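> Give the three-dimensional model of this entry:
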Amino acid sequence: MTVSHDDEALLPAPPSTPRAMPAMPSGVEPIAPWGVHGLEADAARTAPYVTHDALRDLASAVAARALAHRAVFSIAGSRVAVQSNIRGALDLLLAAWRPFVERSDTAAQAGEDIAPYAVVDVGIPAARSPLASSLRGRHGSAIIPPLRSRYILVAGGEALYAAARLEDAVDFLDWAATTTALSGASSYAVFHSAALSWGGQGLLLPAASGSGKTTLTAALIQAGFGYLSDEAALVDPRTGRIDAYPKSLSIKRPALLAELLALSPHLMATAPAEPGRIWRLDPTWLAPDCPRASTTARVVVFPHYDPTGTTALQPIGHAAAALRLLRHGVNAPASPPRGVPLAGALVAGAACYQLTVNSLPAAVRLITNLCAINGAGGDASDA
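Numbers count the residues shown, from 1 in each chain. All right, here's what the predicted structure looks like:
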């Protein structure tokens, strides 16, 4: 496996807005339809004003370069190339995307089916990077706009995002590339849901961002569940099986997770020290043998955190469960009208519940008992 770090840029046109998407990185506001995030605010602080034409010229110049560090990834059936003039950009991205890295012999076959991105370090105004100096030498000094932000994300001949911190640029790349890949996936019906397994029985946890789904997933992994995803359930419409989307867990509040799961100081040493930074937690650090390749849903639980409620499971009918599942469809095959038959078939063979979560240990115990009863052929309503 060969990994390098850099990108060209062609961001596929986003499809119509799906019903459920992975959450955008903290502090980022969308500008329709994708927009130039962070760049307009940066330009407003500088003189002269940085035009979109100037940013497009920079993006085009970067896209024509083969940067030093590159990797090619396969995400939900889409190929994504990322390159950068600094190694740190790919190192950060690999913390979340390592399972998606293509083998070197496959990655070498980059063609029209690939979506390229570039994370560019232009340096600071007083000390531009070697790449920025090289671009100036070839295209003239105006090729580098007077931005204060150091890191620029380029895709599709456009500059998408600018950030003072490399971590912010990579977080936005993670969000933009995976959202585009998932919403445009043609070989899968994609639902915004965690996917796990217990004793060969598949478990879906469809829920919106901010519902506590990732925390619950981490606790279930620690309790012995197999891991497929905490973000996207990739359902093969032909077979109904769920394939793994094994991104690292995106932990927004590492200290809280450490307290809830009693994580070791050794493990917590891998968490970012800066407030607000996302912790890319490899699920194998919680349970080395947790990865699973695919499963079939036998239990569907819709979790909802309620700080004033009582942790409890409530059974729901298959029709209601199918409608709820469709609300979490990410792409066309998982959304009405195309997704209706598939959602119905998915829940028809599963025990379906809603879960109010107030106590994490109690929620884990209820789900474990539910999956054990369902796997043993017992009456799930007794859970």
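
> The protein: helices as residue ranges?
Using DSSP state H, the helices of the chain run over 39-44, 52-63, 87-97, 104-107, 130-139, 166-183, 213-222, 254-261, 265-268, 318-327, 340-348, 360-375.

> Please name whichever of those is nearest to residue 299.
helix 360-375 (5.3 Å; CB to CB). The way it works is simple: take the backbone N, C-alpha and C, and place the C-beta from them, glycine included.

> okay, that closest one in CSV with CA atoms only?
Only the C-alpha atoms of helix 360-375 are listed here, as CSV (Å, rounded to 0.1, in the frame of the first residue of the first chain):
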residue,chain,number,x,y,z
LEU,A,360,-25.5,5.2,28.7
PRO,A,361,-24.9,1.9,30.7
ALA,A,362,-28.7,1.3,30.8
ALA,A,363,-29.0,1.9,27.0
VAL,A,364,-26.1,-0.5,26.3
ARG,A,365,-27.7,-3.1,28.5
LEU,A,366,-31.1,-2.8,26.9
ILE,A,367,-29.7,-3.0,23.3
THR,A,368,-27.5,-6.0,24.2
ASN,A,369,-30.4,-7.9,25.7
LEU,A,370,-32.6,-7.0,22.7
CYS,A,371,-30.0,-8.3,20.2
ALA,A,372,-29.4,-11.4,22.3
ILE,A,373,-33.2,-12.2,22.4
ASN,A,374,-33.6,-11.5,18.7
GLY,A,375,-30.6,-13.6,17.8
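
> if we can go back for a sec, export the helices of the chain to JSON lines and append columns for mean neighbour count.
Listed next are the helices of the chain as JSON lines, based on neighbours: other CB atoms under 10 Å:
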{"stretch": "helix 39-44", "mean neighbour count": "17"}
{"stretch": "helix 52-63", "mean neighbour count": "19"}
{"stretch": "helix 87-97", "mean neighbour count": "21"}
{"stretch": "helix 104-107", "mean neighbour count": "14"}
{"stretch": "helix 130-139", "mean neighbour count": "15"}
{"stretch": "helix 166-183", "mean neighbour count": "23"}
{"stretch": "helix 213-222", "mean neighbour count": "23"}
{"stretch": "helix 254-261", "mean neighbour count": "16"}
{"stretch": "helix 265-268", "mean neighbour count": "11"}
{"stretch": "helix 318-327", "mean neighbour count": "19"}
{"stretch": "helix 340-348", "mean neighbour count": "19"}
{"stretch": "helix 360-375", "mean neighbour count": "19"}
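
> residues of stretch 282-299 that come out buried?
Within stretch 282-299, the residues that count as buried by 16 or more other CB atoms under 10 Å are 282, 283, 285, 286, 287, 290, 292, 295, 296, 297, 298, 299.

> Kindly reformat the helices of the chain as a markdown table containing distance to residue 71 and mean pLDDT.
Compiled in a markdown table, these are given as follows (distance: least, CB to CB, whole Å; pLDDT from 0 to 100):
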| stretch | distance to residue 71 | mean pLDDT |
| --- | --- | --- |
| helix 39-44 | 25 | 48 |
| helix 52-63 | 17 | 84 |
| helix 87-97 | 6 | 95 |
| helix 104-107 | 7 | 53 |
| helix 130-139 | 18 | 91 |
| helix 166-183 | 12 | 94 |
| helix 213-222 | 25 | 96 |
| helix 254-261 | 26 | 94 |
| helix 265-268 | 26 | 94 |
| helix 318-327 | 34 | 97 |
| helix 340-348 | 33 | 96 |
| helix 360-375 | 35 | 93 |
